[in-house]
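In: The following block contains a protein sequence and its predicted model.
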Amino acid sequence: MSTRASVLSDWLAQRLDRASDQPIYRQLHRLLQQAILTRELAAGAKVPSSRLLAAELGVGRNTVTQVYEQLAIEGYVSSATGRGTFVADSAPDEILFDDAPPAAVAPPDMQSTLSARGARLITGAGVSKRQGGAFMPGVPDVSRFPSRVWNRLHAKYWRRPLPDLLTYAPGGGHSGLRHALADYLRTSRSVRCTPEQIVVTTGIHQSIDLAARLLADSGDTIWTEDPCYWGVRSVLQVSGLDLKAIPVDAEGIAPTPADLAAPPRLMLVTPSHQYPLGMVMSLARRRMLLEFARQHRCWIVEDDYDSEFRYGSRPLASLQGMDTGGQVIYVGSFGKTLFPGLRIGYVVVPEALAESFATASAELYREGQLLQQAVLAEFIEQGHFTSHIRRMRVLYGQRRDVMLATIAARYGDTLAIAGGDAGLHLVLKLPHGIDDRAVAAAALAENIVVRPLSGYYAHRPDAEPGLLIGYACVPDEEIAAAFETLAGVIDGFLQGRD
């Protein structure tokens, strides 16, 4: 055997780990790749025959032959009948590195490689690494979900799964779920719709993304409430739309005469429970928006956020139920009413758009989860959903009362509270000049999760400071102690302001 072959054999023998769980074949393949890419084996160099290398390493010849064949398939080596096996003139990965070895290439600046809208999305992202605990807003108490009922229904379908439930979803989603949803929305939310007008999605984000893609072009203007849910704002920004933040007042979104003089293509509103401040859109404001949309042929996207959880009054009727011009797109989900990981939502569209939305959903997202949708349909039809909503409304109402009493005992009326009449959170207002982001960060260091209200505003200089405090997923008996910890953090900032 040549000196070069002997050197290669020694190099490989020193690096093979006979005690490793990784097969010798994989180790040898990886080591030869490494040798070629780092030029330990130069382009054009002849590698030892499979017989010689196998003998030197004490492995089966078939093992070496298999490695050589794999390297040839990947373009690292080439074989010539009667001449042997040679390192390819240009290894497949080597062309990425010009004349420098891979280790000499500087790591890329990942932020600079993002598109402009990608960079805006990452810079302004509001997603949290924590998704539960005191006082995470918007998270339900998943421990109270009727899992036994759900498991029984699930098992029924899995005992003999229908092929139609294991493939891609048809446009619009599972027919049974669309029928169940149409009945539920008509009776509980005064939504006027047929099953054919409902398209099942993975949640609010996808529903709004679908509406934005089908009803607006890049550069079109969309109104959003200010403040509004940061996740929806992110979805719309990456869709290439021009977002115009319209402030809210006690009656909901409040466009000025100048705003009304330049009609948008879309308006995104939360009329039943403004997120995050909690006010209800007045009847006069609802009528004004509907008439404005009818006259200017613009679309209203109604996010029916937390509408099922009102305390002291019945759930409010939807804006869609008042719409006589076919201008409202109604969206909702089961993330708060059942559990966030379910990832099932829906969009209700005017009849004229139903087929287009169903086709686009299948075309863009290739949905599945039909078995889950079938289970949910039975869960609703058998009355389990409405029973669960009633139980959770009572539970969350109790926790809200404990939360309000705890805050009042500590601060009296010195710190205002907003949004406590519905939903899964309330807003504790802070004095102007307090950095609510710093307060939230300090609270997180104490294992308390709250969200800064200013992060929901588009125009940061105008942002009102405050904290979103979620109480739904915190047991009654833990609320007071957790708030005591949060209050200690808040007091530190209040004293620093004096």
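Out: Noted; the coordinates are in hand.

In: low-confidence ranges in the stretch 101-250 of the chain?
Out: Counting by pLDDT under 70, the stretch 101-250 of the chain contains low-confidence ranges at 101-112, 126, 128-131.

In: quick one: the helices in it?
Out: In order along the chain, the stretch 101-250 of the chain carries the following helices (DSSP state H, counting those that start in this stretch): 110-113, 116-123, 147-159, 175-189, 204-215, 230-238.

In: and the ones you listed as JSON lines, adding distance to residue 326 and mean neighbour count?
Out: C-beta here means a position set from N, CA and C on the backbone, and glycine is covered the same way. JSON lines is the format used below for the helices of the stretch 101-250 of the chain (distance: least, C-beta to C-beta, whole Å; neighbours: other C-beta atoms under 10 Å):
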{"stretch": "helix 110-113", "distance to residue 326": "44", "mean neighbour count": "8"}
{"stretch": "helix 116-123", "distance to residue 326": "31", "mean neighbour count": "12"}
{"stretch": "helix 147-159", "distance to residue 326": "35", "mean neighbour count": "13"}
{"stretch": "helix 175-189", "distance to residue 326": "16", "mean neighbour count": "19"}
{"stretch": "helix 204-215", "distance to residue 326": "12", "mean neighbour count": "22"}
{"stretch": "helix 230-238", "distance to residue 326": "22", "mean neighbour count": "20"}
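
In: mind checking which of these is nearest residue 474?
Out: Closest approach to residue 474 among these (C-beta to C-beta): helix 147-159, 20.2 Å.

In: and the closest one, what other elements does it pack with?
Out: If you count contacts as 3 or more C-beta pairs under 8 Å, 6 or more residues apart in numbering; DSSP states H and E, helix 147-159 packs onto helix 370-381.

In: repeat that for 10 Å
Out: Packing partners of helix 147-159 (3 or more C-beta pairs under 10 Å, 6 or more residues apart in numbering; DSSP states H and E): helix 370-381, helix 384-411.

In: Would you mind finding the most buried of those?
Out: Across the helices and strands packed on helix 147-159, averaging neighbours per residue (mean count of other C-beta atoms under 10 Å) puts helix 370-381 on top, at a mean of 21.

In: What mean pLDDT does that helix get?
Out: Averaged across helix 370-381, pLDDT comes to 96.

In: Could you tell me the angle between it and helix 147-159?
Out: On the basis of axes from the mean of the first three to the mean of the last three C-alpha atoms, to 10 degrees, helix 370-381 is oriented at 130 degrees to helix 147-159.

In: Helix 370-381 - contacts with which helices or strands?
Out: By 3+ C-beta pairs under 10 Å, 6+ apart, helix 370-381 packs against helix 147-159, helix 175-189, strand 198-201, helix 384-411.

In: Let me have the ones you listed in a markdown table, extended by distance to residue 136.
Out: As requested, the helices and strands packed on helix 370-381 are exported to a markdown table (distance: least, C-beta to C-beta, whole Å):
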| stretch | distance to residue 136 |
| --- | --- |
| helix 147-159 | 21 |
| helix 175-189 | 26 |
| strand 198-201 | 24 |
| helix 384-411 | 13 |
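
In: Going by length in residues, pull out the top strand of the chain.
Out: strand 242-249 (DSSP state E).

In: who does that one pair up with?
Out: Paired neighbours of strand 242-249 in the sheet (DSSP bridges): strand 221-226 (parallel), strand 252-253 (antiparallel).

In: burial of residue 268, as a residue count?
Out: Using other C-beta atoms under 10 Å, residue 268 is surrounded by 28 other residues.

In: Which of the three states applies to the residue nearest to it when sequence neighbours are not counted?
Out: Spatial nearest neighbour of residue 268, chain neighbours left out: residue 301 (4.6 Å); criterion: C-beta to C-beta, 6 or more residues apart in numbering. Using DSSP: H, G, I helix; E, B strand; the rest coil, the structure places residue 301 in strand.

In: Just the C-alpha atoms of the longest strand of the chain, please, in CSV.
Out: Extracted C-alpha coordinates of strand 242-249, given in CSV (Å, rounded to 0.1, in the frame of the first residue of the first chain):
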residue,chain,number,x,y,z
ASP,A,242,-50.1,49.7,5.1
LEU,A,243,-51.3,49.7,8.7
LYS,A,244,-53.0,52.8,10.0
ALA,A,245,-53.6,52.8,13.8
ILE,A,246,-56.9,54.4,14.8
PRO,A,247,-57.2,55.3,18.5
VAL,A,248,-60.0,53.9,20.6
ASP,A,249,-62.2,55.8,23.0
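
In: quick one: residue 45 and residue 78 touch, right?
Out: No - Residue 45 is beyond contact range of residue 78, at 11.8 Å (criterion: C-beta atoms under 10 Å).

In: shared neighbours, those two?
Out: Here residue 45 and residue 78 have 85, 86, 87 as joint contacts, going by C-beta atoms under 10 Å, 6 or more residues apart in numbering.

In: any chance of these in JSON lines, plus pLDDT, secondary structure and distance to residue 53?
Out: Below are those laid out as JSON lines (pLDDT from 0 to 100; DSSP: H, G, I helix; E, B strand; the rest coil; distance: C-beta to C-beta, whole Å):
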{"residue": "85", "pLDDT": "88", "secondary structure": "strand", "distance to residue 53": "10"}
{"residue": "86", "pLDDT": "86", "secondary structure": "strand", "distance to residue 53": "14"}
{"residue": "87", "pLDDT": "88", "secondary structure": "strand", "distance to residue 53": "14"}
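
In: For these, pick the one with the most neighbours.
Out: Using other C-beta under 10 Å as the neighbour criterion, residue 87 leads the shared contacts of residue 45 and residue 78 with 22 neighbours.

In: That residue contacts residue 38, correct?
Out: No - using C-beta under 10 Å, residue 87 is not in contact with residue 38; the gap is 11.9 Å.

In: What separation do you get for residue 89 and residue 42?
Out: Distance of residue 89 to residue 42, given as C-beta to C-beta, to the nearest Å: 10 Å.

In: mind checking how far the residue lying closest to residue 145 once chain neighbours are set aside is from residue 144?
Out: Closest residue to residue 145 apart from its sequence neighbours, by C-beta to C-beta, 6+ apart: residue 339 at 5.4 Å. Applying C-beta to C-beta, the value for residue 339 to residue 144 is 10 Å.

In: ok, those two, which is more surrounded?
Out: Neighbour count, other C-beta under 10 Å: between residue 339 and residue 144, residue 339 has more, with 18 against 15.

In: so how far is residue 376 from the more buried one?
Out: For residue 339, the distance to residue 376 equals 11 Å [C-beta to C-beta].

In: now do residue 470
Out: Residue 470 sits 24 Å away from residue 376 when distances are taken as C-beta to C-beta.

In: Check residue 248 too.
Out: The gap separating residue 248 from residue 376 is 33 Å, by C-beta to C-beta.

In: mind checking which of the helices and strands packed on helix 370-381 is nearest residue 262?
Out: Taking C-beta to C-beta, strand 198-201 is the member of these nearest to residue 262, at 30.1 Å.

In: Please name every helix or strand in contact with the closest one.
Out: Judged by 3+ C-beta pairs under 10 Å, 6+ apart, strand 198-201 is in contact with helix 175-189, helix 204-215, strand 328-333, strand 345-348, helix 351-365, helix 370-381.

In: Now render the ones you listed as JSON lines, adding distance to residue 264.
Out: Below are those laid out as JSON lines (distance: least, C-beta to C-beta, whole Å):
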{"stretch": "helix 175-189", "distance to residue 264": "25"}
{"stretch": "helix 204-215", "distance to residue 264": "11"}
{"stretch": "strand 328-333", "distance to residue 264": "14"}
{"stretch": "strand 345-348", "distance to residue 264": "19"}
{"stretch": "helix 351-365", "distance to residue 264": "18"}
{"stretch": "helix 370-381", "distance to residue 264": "33"}
